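> give the three-dimensional model of this entry:
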Amino acid sequence: MNNKDKNSKKYLNISFVMKKKIGNAVVRNRIKRKLKSAVQKILREKKEIDLNYTYVIFGKNNVYKDEFALIFKEVNSVFKKIKQTGV
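Predicted coordinates for the structure are as follows:
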């Protein structure tokens, strides 16, 4: 592989950020796992995420209690809005 092939591969650059005020480490990590799982499902199924950008997702406390279907729906709608605006 030459340098051109190495540079042409695109990887998802995404960070999940949480405030320390949100529960303890177990709660924060569960929120991150739920958000990460939603993003992975979107990548597998819908391809809504543009790999040319760096994303930062802020986890909120209500994600811990919400069902995965609701979390997936909200994350998917946000990525659709981002894709439509072409930011």
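> ranges for the helices of this structure?
3-8, 25-45, 68-85 (DSSP state H).
> reformat the ones you listed as TSV; add mean neighbour count and mean pLDDT.
C-beta coordinates here come from the backbone N, C-alpha and C atoms, glycine included. Formatted as TSV, the helices of the chain follow (neighbours: other Cβ atoms under 10 Å; pLDDT from 0 to 100):
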stretch	mean neighbour count	mean pLDDT
helix 3-8	8	55
helix 25-45	15	90
helix 68-85	14	88
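> out of those helices, nearest to residue 53?
The closest of the helices of the chain to residue 53 is helix 68-85. By Cβ to Cβ, the value is 7.9 Å.
> who's in contact with the closest one?
34-35, 37-39, 41-42, 46, 48-50, 53, 57, 63 (Cβ atoms under 8 Å, 6 or more residues apart in numbering).
> appreciated, that's everything.
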